[in-house]
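Visitor: below are the sequence and a predicted model for it; my questions follow.
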Amino acid sequence: MPEVLSQSQIDALLNSMNGGGGGSSPAEEEPQEKKYRKYDFSSPRKFTKDRLKMLSSIFDNYSRVLTTRINGLVHATCEISVESVEEQRYFEFSNALSDSAVLTTAHLILKEEMEETPVLFYAAAPIMVSMMDRMTGGNGDVDSLPDDYTYTELDLKLFEVLMKDFVSMMGITWENYIQLEFEFGRVENNPTLVQLIGLEETVVLIDMKVAFSNVEGSISIVLPEAVLMEIFTQINAGSASKKSNSEDHSDEIFDNLRESTLEIRAELARTTLRLDDVYRLNVGDVIDLNQKKDSTLNLYVGGQRWFNGLMGVSDKKLAVKIKEVYHNAGRRDRVVNEQ
C-alpha cells in the first residue's frame, strides 16, 4: 500500500514550492564578509607593532607634559591626547598641507651628535592663534579665522616661543628608554622650502588633539625613519650593554668575595658553669669538657659552622685537620681527607 502524506507534510511541501518556507532567507544565511586592511607591497612596513606601541606610550607621556606646560603658559585649561601613531610615506603628510601651513624643524641630539634629518612639527592655525591670543590677554576666540590665515610677524615671534617649548620638552618623555634631547631649528612659513626629508622616505606621524573650551585643533609630529632607526639602535645597544655590565659586575663581586678576610674559630666543646663556680676559678683548675682527647672539634667561619676536624700540630704550631665539610642549612657532605 503506497504511503499517504499527512496534512502537515503536504503543507510543508506546498510552502517550499511557493518560496514561503520557514527557513532563513539567503541574505540571512550568507555570512558577513570580513574586512581586511589593504597592504601596500610597494611600501613595506619598517616598524613593528611593538615599536609603534612604544612610540604611542612615549607620546602619551609627552601629551601630559605638554598639557601642563600649555596650561601654565596661556593660563587656561586644555586637554591633549594622542589620536594616532601611523607609519606612512612623507609625501602623504606633505601633500595634505596647505600653502599657508607653518612647519617647525627640530634636530635630534644623541651622544652630543646632531642628526641631520630633522623632526617636523605642524600645529593647526586655529589652535596656535588661540594660544597666542590668550598669551596677549585675549580669550582665545578664533571663530572668524579664515581657512587660509597667514601669520603676521608678531604671530611668528609668539609662534616660535611656543614651539621652542614644545621641542625642548620632547626629550624628557624618552627618559624611560634613552637619554636624548631635541634642539629647536627654525620656523618655516613656506612648507615647499622644507625639503630635508625625501618624499618617498618612511616616517611615523603622531597626531595629537588639543582642545580648549572654545577651540579645538591638532598638533602633528613627523619622525623620519633615519631618526627613529638611530634611536632604536641606541636603545638596543644600551640594553645589551646593561646586560653585559651586569655579568661583568657579578664576576667582580665574586673576585672581591674570594679575596675577603673571614675569621675562623675552632671550638673544642661547650659546657655550663654556675656563676659561683666561675667566680672561684683559679690558675691550675681543670674544667671537665666531657670530651675524649681525640674528639673532633667544630670550625666556624663568619659565625657559621662549616667544618669539623681533629686538633694536631703543623710546623710546631697548633692546627686542625678537616674531616668533614658542612654546607647550607645544616646539609653536609662528608669529605674525608686521607692525607
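Guide: Now that the structure is in, tell me what you want to look at.
Visitor: quick one: Y151 is in a helix?
Guide: No. In this structure, Y151 is coil, not part of a helix, as judged by DSSP: H, G, I helix; E, B strand; the rest coil.
Visitor: how many other residues sit next to it?
Guide: Applying other CB atoms under 10 Å, we find 18 other residues in the vicinity of Y151. The C-beta positions use only the backbone N, C-alpha and C, and glycine is treated the same way.
Visitor: same deal with A266?
Guide: 15.
Visitor: what about it, distance to Y326?
Guide: Remark: distance between A266 and Y326 (CB to CB, to the nearest Å) = 14 Å.
Visitor: and S218, by the same measure?
Guide: For S218, the distance to Y326 equals 71 Å [CB to CB].
Visitor: show me the domain layout of this protein.
Guide: In the domain annotation for the chain, the residue ranges read 49-241, 261-333 (automatic domain parsing).
Visitor: got any ranges where the stretch 201-339 of the chain has weak pLDDT?
Guide: Scanning the stretch 201-339 of the chain for pLDDT under 70 picks out the ranges 238-250, 327-339.
Visitor: helices along that one, start to end?
Guide: Read by DSSP state H, counting those that start in this stretch, the stretch 201-339 of the chain holds these helices, from start to end of the chain: 225-259, 275-280.
Visitor: shaky segments in the stretch 1-150 of the chain?
Guide: 1-10, 18-44.
Visitor: show me where this structure has its strands.
Guide: With DSSP state E as the definition, the chain shows strands at residue ranges 79-89, 103-110, 113-114, 119-123, 181-188, 202-211, 216-224, 264-267, 297-301, 304-314, 317-326, 332-333.
Visitor: what's the second one packed up against?
Guide: Read it as strand 103-110. With contacts defined as 3 or more CB pairs under 8 Å, 6 or more residues apart in numbering; DSSP states H and E, the packing partners of strand 103-110 are strand 119-123, helix 153-168, strand 181-188, helix 225-259.
Visitor: can we see that at 7 Å?
Guide: Applying 3 or more CB pairs under 7 Å, 6 or more residues apart in numbering; DSSP states H and E, one finds that strand 103-110 contacts strand 119-123, strand 181-188, helix 225-259.
Visitor: buried set for that strand?
Guide: By neighbour count with 16 or more other CB atoms under 10 Å, strand 103-110 contains the buried residues L103, T104, T105, A106, H107, L108, L110.
Visitor: quick revisit: out of the strands of the chain, deepest packed?
Guide: Greatest average neighbour count among those goes to strand 119-123 (a mean of 23), per mean count of other CB atoms under 10 Å.
Visitor: what lies in contact with that one?
Guide: By CB atoms under 7 Å, 6 or more residues apart in numbering, the residues outside strand 119-123 that reach it are 101, 103-106, 108, 163, 166-167, 182, 219-223, 227.
Visitor: most widely separated two among those?
Guide: Using CB to CB, the two most remote members of the contacts of strand 119-123 are A101 and L108, lying 22.5 Å apart.
Visitor: got the contact list for V227?
Guide: Under the criterion of CB under 7 Å, 6+ apart, the contact partners of V227 comprise L108, E115, T117, V119.
Visitor: let's have those residues in CSV, adding distance to L13.
Guide: Below are the contacts of V227 laid out as CSV (distance: CB to CB, whole Å):
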residue, distance to L13
L108, 78
E115, 79
T117, 76
V119, 75
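Visitor: go through those and name the one nearest I80.
Guide: Looking across these and measuring by CB to CB, the closest to I80 is V119, at 17.9 Å.
Visitor: now W174, nearest residue through space, not along the chain?
Guide: In space, and not counting its chain neighbours, W174 is closest to L180: 5.6 Å by CB to CB, 6 or more residues apart in numbering.
Visitor: wait, what's in contact with the one you found?
Guide: Taking CB under 7 Å, 6+ apart as the criterion, L180 is in contact with L108, I109, L110, G171, W174, I231.
Visitor: just the closest of the residues you listed to K316, please.
Guide: L110 (68.5 Å).
Visitor: any idea how far the nearest residue to that closest one once chain neighbours are set aside lies from M132?
Guide: Beyond its immediate neighbours in the sequence, the residue positioned closest to L110 (CB to CB, 6+ apart) is L180, lying 5.0 Å away. Shown here: L180 relative to M132, a distance of 29 Å by CB to CB.
Visitor: ok, now K292?
Guide: From K292 across to M132, the span is 98 Å (CB to CB).
Visitor: ok, those two, which is more surrounded?
Guide: For K292 versus M132, neighbours defined as other CB under 10 Å are more numerous around M132 (23 against 7).
Visitor: thinking that one is in contact with K157, fair?
Guide: No. M132 is beyond contact range of K157, at 9.3 Å (criterion: CB atoms under 7 Å).
Visitor: going by distance to V301, which of the contacts of strand 119-123 wins?
Guide: Proximity to V301 was ranked across the contacts of strand 119-123 by CB to CB; first place goes to L108, at 55.4 Å.
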